[in-house]
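>>> here is my input; please provide its structure:
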Amino acid sequence: MTIPPSCESLGLENQMSDQIIYMPGETVKIISGPFASLTGDIKEVNQGRQMLLVIVQMEKDHPLVKVGSGGVAVELKFQEVVRVSP
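Residues are numbered from 1 along each chain as shown. Sure, this is the predicted structure:
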């Protein structure tokens, strides 16, 4: 696993080596739950709870959500997403 430079500069490389690390701005694909198969951008990361706040852009209404113009904020566990390769 590659440790992000921001963690190295804070001296967190040893503490973070066993954890999944996500960063705001990364794109992820949701792999489980009602939003499975949708992608979104990480807005916030809570390492302690292993939760992400992801903004999902949907082209049409989802059965659970009426879509506005700004995307939908979805709170997800780390294990509910995978990174999308750039």
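
>>> longest strand in the protein, please.
Identified as the longest strand of the chain according to DSSP state E is strand 39-46.

>>> surely Ala36 and Ile30 touch.
Yes - counting by C-beta atoms under 8 Å, Ala36 does reach Ile30; the two are 5.5 Å apart. In this view, the C-beta of every residue, glycine as well, is placed from N, C-alpha and C.

>>> which of those two has more residues huddled nearby?
Neighbour totals were compared for Ala36 and Ile30, and Ile30 leads with 20 against 10 (other C-beta atoms under 10 Å).

>>> from Met58, how far off is the more buried one?
Going from Ile30 to Met58 by C-beta to C-beta, to the nearest Å gives 11 Å.

>>> residues that sit against both of those two, list them.
Residues touching both Ile30 and Met58 by C-beta atoms under 8 Å, 6 or more residues apart in numbering: Leu38.

>>> show me where pLDDT drops low in this structure?
1-19, 59-70 (pLDDT under 70).

>>> 80 - rerun?
Counting by pLDDT under 80, the chain contains low-confidence ranges at 1-20, 58-70, 85-86.

>>> tell me where it has helices.
With DSSP state H as the criterion, the chain has helices at 5-9, 13-16.

>>> hang on, the earlier thing: mind giving me the packing neighbours of the longest strand of the chain?
Judged by 3 or more C-beta pairs under 8 Å, 6 or more residues apart in numbering; DSSP states H and E, the packing partners of strand 39-46 are strand 27-30, strand 51-56.
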